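Asks: Coordinates for the following, if possible.
(chains A and B)
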Protein chains: 2
Amino acid sequence: MSSGKILVAQGGGPTAVINQSLVGVVLEARRFASTQRVYGARHGVRGILNEDFVDLTQETVANLEAVAATPASALGSTRDKPDLRYCQEIFKVLQAHQIEHFFYIGGNDSSDTVRIVSEEAQKSGYPLRSVHIPKTIDNDLMGNDHTPGFPSAARFVAQAFAGANLDNAALPGVYVGVVMGRHAGFLTAAAALGRKFPGDGPHLIYLPERTFVLENFLADVKAMQAQHGRCVIAVSEGIHDASGTPMLAKLAKTLEHDAHGNVQLSGSGALADLLCEEIKSRLGIKRVRGDTFGYLQRSFLGCVSDVDQREAREVGEKAVQFALWGDRDGSVAIRRVGDYAVHYELQPLEAVAAKTRTMEDALIAAAGNDVTPAFGDYLRPLLGGGLPQAARLRAPKVDKVLGR
Amino acid sequence: MSSGKILVAQGGGPTAVINQSLVGVVLEARRFASTQRVYGARHGVRGILNEDFVDLTQETVANLEAVAATPASALGSTRDKPDLRYCQEIFKVLQAHQIEHFFYIGGNDSSDTVRIVSEEAQKSGYPLRSVHIPKTIDNDLMGNDHTPGFPSAARFVAQAFAGANLDNAALPGVYVGVVMGRHAGFLTAAAALGRKFPGDGPHLIYLPERTFVLENFLADVKAMQAQHGRCVIAVSEGIHDASGTPMLAKLAKTLEHDAHGNVQLSGSGALADLLCEEIKSRLGIKRVRGDTFGYLQRSFLGCVSDVDQREAREVGEKAVQFALWGDRDGSVAIRRVGDYAVHYELQPLEAVAAKTRTMEDALIAAAGNDVTPAFGDYLRPLLGGGLPQAARLRAPKVDKVLGR
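Replies: Take a look at the predicted model:
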């Protein structure tokens, strides 16, 4: 006899649609007659460790739908990356609460947690189904055409660069926009979708998939400035030199490391400021401005792709179906079929766990400072409907009278 | 016999709705049988000096409407601040092209330019009507309830802080968001409209209307961190010490000055980074993140208040009506009547020119680290319809089994 108890949690960085997946799990689970309780753990695995659970069976559908449309993990999140011992503790709590289905919405670290918990359950013969539900604005999960959260963040970045390009055209100069993404450049590359007219920026795009060479960068900026009288640049926070040292690390005096031992790249405007200083001092360009998109790109209330919303909901629903009907552990994956449609598969946890996907070579321009048209074909259907469109005046010039 | 020639230009920092005013001028002017040509100057007064005009009479209505919905000065802008001699040159070009109506969309510097040009025309007996059309995200024009461009930027800031608050609630820590505004804190204050539930951030708001005391700031942050376990802070880029020195100037090694002799505050993440460093080192809080909203808050494609759009259109239309029917020079002003409606007046150029409005005392909390409810009453109707709403889970806690 099953306990009918289900647990769902959210890990890692929030996204605009991570609550769609949460609500997908809750509503789909509540459709099953066997379901007795749907618990949510507060702040991810940390909340499991502390038995910090809320009873989502007692939520109204109206409020769940409102939460689904709200960005940033409604259950709270965590940066904890459990090791084996931590996972064993998680498993103890799941047993104590007679949880028999565990859903964890997160990125590759979260999938690794699900993998270890799943193994622990198997070892001890406890009847636990564990399913990882993908999310990450970085789009860096293996086996997925793309990951929920990425399309909405990409939409923000595209709209931001479309606007920055207009602003820069009005008051010409050099503009550097720094975008999140430590190892994968997908989100930075989305800046390219901000272009509409010939000559529109971003004129240059730098990705962590390619070595960043400061001299080449400055030569690129100089050339674009000469061509357009201005230059809009998209830069990934993860750009690094040939040795793999982040460009930010070359500048910062005190470097913060996160719980995973990585240098803290986000939450500071230092990289944009450094690059602007180089452009000013080395190229003698006066009007140079840098923005770091920071947390806005993942949390801004009111910029979301409807395609992303729908798919994020579906990966939650499918996770429940895979677990309750399919009786299998795994990680839900989005595959692209046709142009454009998706279907969902359950892939082995080992295929995703703790691995990182980066941009395929075919998506990056040979010069390493832009994307290819193939990237546009890839991203465009994900951005959703109703994308705002920029327009330009087309008025003809008036003849001079004074000949100035 | 009138030449029927009209000139319109855009100056200063772009806004989300500055093209609504442009299109308001063009479409309204084209309705008058007396109108022969509507010229646009490229890049503001700089374009007038250079006779760099386009013929807006030859634009389609469809394209004008598309341009109206596009952020950032479609004619191009300039940071030039004309002196008397510059204005005399402007006047020469206007005469040479037989321009008899001059409309300049801009902030307080632009209104001063219109004032001088208007005086030059009067002195020489040339029949020129000059009207200033207000715009600025800073909301710092005298005699206006608010200025076109401010409501849309305020909406961006409110939505950004609503999202940053959600993100910060999911992964608790201290978050500092730096908002534009050198002397006027209206835009930073808009962060307060991002709150919905009790305990929502921003928990602290610092405005340039009050002296910034670092020790008080740190004490405030410490108290909020103790109360909420997290702290979201809105800071104006213009915060300064008792002597008026910008906080940024206390830190930066090389300071850029703009054409008006002011220290360059925007286009750098330095202030946010400085404040974060102080919080980390002095309060020992580990997770401290800073964002500088930068150019996104004025140029993001796809965040606009419909109230702002309509009013920005109307100030353009009214400018033409005041000039062609009223035969008066001046600056169009928005007055609030009822709750909520507006009417438009033409105020003397001297009332606006080169003056700066700041936040009234009644809008700022006594402690100097927040706004009053009156500010919410003031701003709420300006933000427009369809504001995205955040929701929270309301699920009850589950009893512990292991007592952790």
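Asks: If you count neighbours, what's buried in stretch A:199-211?
Replies: By neighbour count on 16 or more other C-beta atoms under 10 Å in any protein chain shown, the buried set for stretch A:199-211 is A:200-210. For every residue, glycine as well, the C-beta is placed using N, CA and C.
Asks: How about stretch A:372-383?
Replies: A:372, A:375, A:378-379, A:381-383.
Asks: one step back: from the buried residues of stretch A:199-211, which is closest to B:K318?
Replies: Nearest to B:K318 out of the buried residues of stretch A:199-211 is A:D200 (C-beta to C-beta; 33.0 Å).
Asks: sec struct for the closest one, please.
Replies: What DSSP: H, G, I helix; E, B strand; the rest coil gives for A:D200 is coil.
Asks: I'd assumed A:A192 was in contact with it.
Replies: No - A:D200 is not in contact with A:A192 according to C-beta atoms under 8 Å; the separation is 9.9 Å.
Asks: Strands of the stretch 301-404 of chain A, start to end?
Replies: A:330-337, A:341-347 (DSSP state E, counting those that start in this stretch).
Asks: could you dump the buried residues of stretch A:199-211 to a markdown table with pLDDT and secondary structure?
Replies: Shown next, in a markdown table, are the buried residues of stretch A:199-211 (pLDDT from 0 to 100; DSSP: H, G, I helix; E, B strand; the rest coil):
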| residue | pLDDT | secondary structure |
| --- | --- | --- |
| A:D200 | 98 | coil |
| A:G201 | 98 | coil |
| A:P202 | 98 | coil |
| A:H203 | 98 | coil |
| A:L204 | 98 | strand |
| A:I205 | 98 | strand |
| A:Y206 | 98 | strand |
| A:L207 | 98 | coil |
| A:P208 | 98 | coil |
| A:E209 | 98 | coil |
| A:R210 | 98 | coil |
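Asks: quick revisit: show me which of the buried residues of stretch A:372-383 neighbour chain B.
Replies: Among the buried residues of stretch A:372-383, not one lies near chain B by C-beta under 8 Å from any C-beta of the partner chain.
Asks: And these, which is closest to chain B?
Replies: A:L383 (11.3 Å; C-beta to the nearest C-beta).
Asks: give me every residue that touches that closest one.
Replies: If you count contacts by C-beta atoms under 8 Å, 6 or more residues apart in numbering or on different chains, A:L383 has them with A:151, A:154-155, A:158, A:193, A:305, A:307.
Asks: which ones among those are found in helices?
Replies: Among these, DSSP state H puts A:151, A:154-155, A:158, A:307 in helices.
Asks: Weed out the non-buried ones from the residues you listed.
Replies: Buried among the ones in helices among the contacts of A:L383 (16+ other C-beta under 10 Å): A:151, A:154-155, A:158, A:307.
Asks: Could you tell me how many residues sit around A:V178?
Replies: 31 (other C-beta atoms under 10 Å in any protein chain shown).
Asks: Quickly note the distance from it to chain B.
Replies: 9 Å (C-beta to the nearest C-beta, to the nearest Å).
Asks: returning to that earlier point: sitting in helices, which of the buried residues of stretch A:372-383 do you find?
Replies: Using DSSP H, those in helices are A:375, A:378-379.
Asks: Correct me if wrong: A:E209 contacts A:A365.
Replies: No - counting by C-beta under 8 Å, A:E209 does not reach A:A365; the two are 11.3 Å apart.
Asks: And the helices in chain A, which stretches?
Replies: According to DSSP H, the helices that chain A contains are A:18-30, A:44-49, A:61-68, A:84-96, A:108-124, A:150-170, A:186-189, A:214-228, A:247-251, A:270-283, A:296-299, A:306-324, A:349-352, A:373-379.
Asks: and the residue in chain A that chain B sits nearest to, how many residues sit next to it?
Replies: Residue nearest to chain B within chain A (C-beta to the nearest C-beta): A:G269, separated by 1.4 Å. Residues lying near A:G269 (other C-beta under 10 Å) number 26.
Asks: Now it: closest residue in space that isn't a chain neighbour?
Replies: B:G269 (1.4 Å; C-beta to C-beta, 6 or more residues apart in numbering or on different chains).
Asks: likewise A:N165?
Replies: Here the residue nearest A:N165, using C-beta to C-beta, 6+ apart, is A:G201, at 4.1 Å.
Asks: How about the contacts made by the one you found?
Replies: By C-beta under 8 Å, 6+ apart, the residues touching A:G201 are A:161, A:164-165, A:168, A:175, A:194-195, A:228, A:230-233.
Asks: is stretch A:65-80 anywhere near chain B?
Replies: Yes - interface with chain B: stretch A:65-80 contributes A:66-67, A:69-79 (C-beta under 8 Å from any C-beta).
Asks: And those residues, which is closest to B:G338?
Replies: Once C-beta to C-beta is applied, the member of the residues of stretch A:65-80 next to chain B that ends up nearest B:G338 is A:A66, at 31.8 Å.
Asks: ok, how many other residues are close to the nearest residue to A:S110 once chain neighbours are set aside?
Replies: Spatial nearest neighbour of A:S110, chain neighbours left out: A:G11 (4.0 Å); criterion: C-beta to C-beta, 6+ apart. As a burial measure, A:G11 scores 30 neighbours (other C-beta under 10 Å).
Asks: pretty sure A:G11 contacts A:N108?
Replies: No - the pair A:G11 / A:N108 is not scored as a contact, 10.5 Å apart, by C-beta under 8 Å.
Asks: Write out the residues of the stretch 201-350 of chain A neighbouring chain B.
Replies: A:266-270, A:272-273, A:276, A:288-296, A:298-303.
Asks: Pull out the buried members of those.
Replies: For those, a neighbour count by 16+ other C-beta under 10 Å gives the buried set as A:266-270, A:272-273, A:276, A:288-296, A:298-303.
Asks: residue contacts, the residue nearest to A:F91 when sequence neighbours are not counted?
Replies: By the measure of C-beta to C-beta, 6+ apart, the closest residue to A:F91 outside its immediate chain neighbours is A:E120, 4.5 Å from it. By C-beta under 8 Å, 6+ apart, the contact set of A:E120 is A:87-88, A:91.
Asks: Give me every residue in the stretch 1-150 of chain A lying close to chain B.
Replies: Remark: the part of the stretch 1-150 of chain A in contact with chain B comprises A:10, A:13-14, A:39-40, A:43, A:49-56, A:58-59, A:63, A:66-67, A:69-79, A:92-93, A:96-97, using C-beta under 8 Å from any C-beta.
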